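Student: predicted structure and sequence below. I'll ask about it afterward.
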Amino acid sequence: MKIYPLAATAALCVQLTCCSYQVQTVSAPQLDVYSNYEKKVPGKWALIVDPAQFNHTVKAEGVNCAAHNYPLDLRSSFKQSVAGTFENIVDSVEVVDGAAPAETLTSRGYAGVISVRAEDLRSRLIFEPGFFTSTADATIELDAGMTVYGPNGKLLGTRGTGKGDGNSDAGEFCGGTTNAIEHASEAAMKDLLGVLGERFTNAPQVRAATGRKEPATQ
């Protein structure tokens with residue numbers, strides 16, 4: 001007679017220890033890019049974004065909530081965030097298919113081509129035990145590369161890293177942890193795009209490629 005309660009208990013344990021909580025992500029462009037110039041980068045630019053590597057499952061360190069996992073898919077939000085960032089620092093930008101060669105795009109009247117590629121997503125998730133529930137502390141790190149081409153060839157090649165932290169009440173069954181990961185992801189994305197945006201807008205060779213000379217602000 002004791003087999004049934006034990007089986008039911010085992011099934012309940014499996015249900016409770018195999019939860020997967022999808023992290024909700026939103027666009028997080030960096031709208032406060034520091035520039036040495038008063039004006040945006042002139043011209044119409046083609047923007048190619050490859051977000052493929054920003055799909056990851058976050059798992060906890062230690063014992064607390066260790067049986068749960070948190071799928072984090074930043075691919076769509078990263079693409080939107082890159083576009084939003086460059087719209088703020090370039091006169092005109094248009095997201096294009098990455099399959100089109102740079103030479104073809106520049107021949108269509110673009111001043112150049114900006115190519116941003118996601119490279120790596122790293123995470124750390126720990127829990128601080130509390131009296132009733134735990135506090136989730138999440139850290140997200142994002143790496144991305146950027147290459148800029150003009151009519152006469154490569155203008156800029158660089159790589160940037162963004163880091164963000166977030167914390168939240170983990171909740172009774174650890175579901176609240178997604179809030180910490182979401183906040184950390186948004187902060188990391190803004191940090192990363194701030195780095196790439198500053199390197200782009202402050203590169204003299206990028207501005208010179210448009211044929212307009214602009215003095216940097218003192």
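Tutor: Yes, it's here. Numbers count the residues shown, from 1 in each chain.
Student: which positions within stretch 73-87 qualify as buried?
Tutor: The neighbour-count check on stretch 73-87 (16 or more other Cβ atoms under 10 Å) flags 73-75, 77-87 as buried. The C-beta positions use only the backbone N, C-alpha and C, and glycine is treated the same way.
Student: I'd like to know which of these is nearest to residue 208.
Tutor: The shortest approach to residue 208 among the buried residues of stretch 73-87 belongs to residue 86, at 18.3 Å (Cβ to Cβ).
Student: what segments of this protein are helices?
Tutor: For the chain, the helices defined by DSSP state H cover 3-17, 75-87, 102-106, 177-201, 204-208.
Student: what's the closest of the buried residues of stretch 73-87 to residue 180?
Tutor: Out of these, the member with the shortest distance to residue 180 (by Cβ to Cβ) is residue 74, at 15.2 Å.
Student: and the buried residues of stretch 73-87 as TSV, adding distance to residue 171?
Tutor: Formatted as TSV, the buried residues of stretch 73-87 follow (distance: Cβ to Cβ, whole Å):
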residue	distance to residue 171
73	21
74	22
75	26
77	23
78	27
79	30
80	28
81	27
82	32
83	34
84	31
85	33
86	37
87	37
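Student: how about these in JSON lines, adding pLDDT?
Tutor: Formatted as JSON lines, these follow (pLDDT from 0 to 100):
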{"residue": "73", "pLDDT": "98"}
{"residue": "74", "pLDDT": "98"}
{"residue": "75", "pLDDT": "98"}
{"residue": "77", "pLDDT": "98"}
{"residue": "78", "pLDDT": "98"}
{"residue": "79", "pLDDT": "97"}
{"residue": "80", "pLDDT": "97"}
{"residue": "81", "pLDDT": "98"}
{"residue": "82", "pLDDT": "98"}
{"residue": "83", "pLDDT": "98"}
{"residue": "84", "pLDDT": "98"}
{"residue": "85", "pLDDT": "98"}
{"residue": "86", "pLDDT": "98"}
{"residue": "87", "pLDDT": "97"}
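Student: residue 46: which of these is nearest?
Tutor: Using Cβ to Cβ, the buried residues of stretch 73-87 come closest to residue 46 at residue 86, 10.5 Å.
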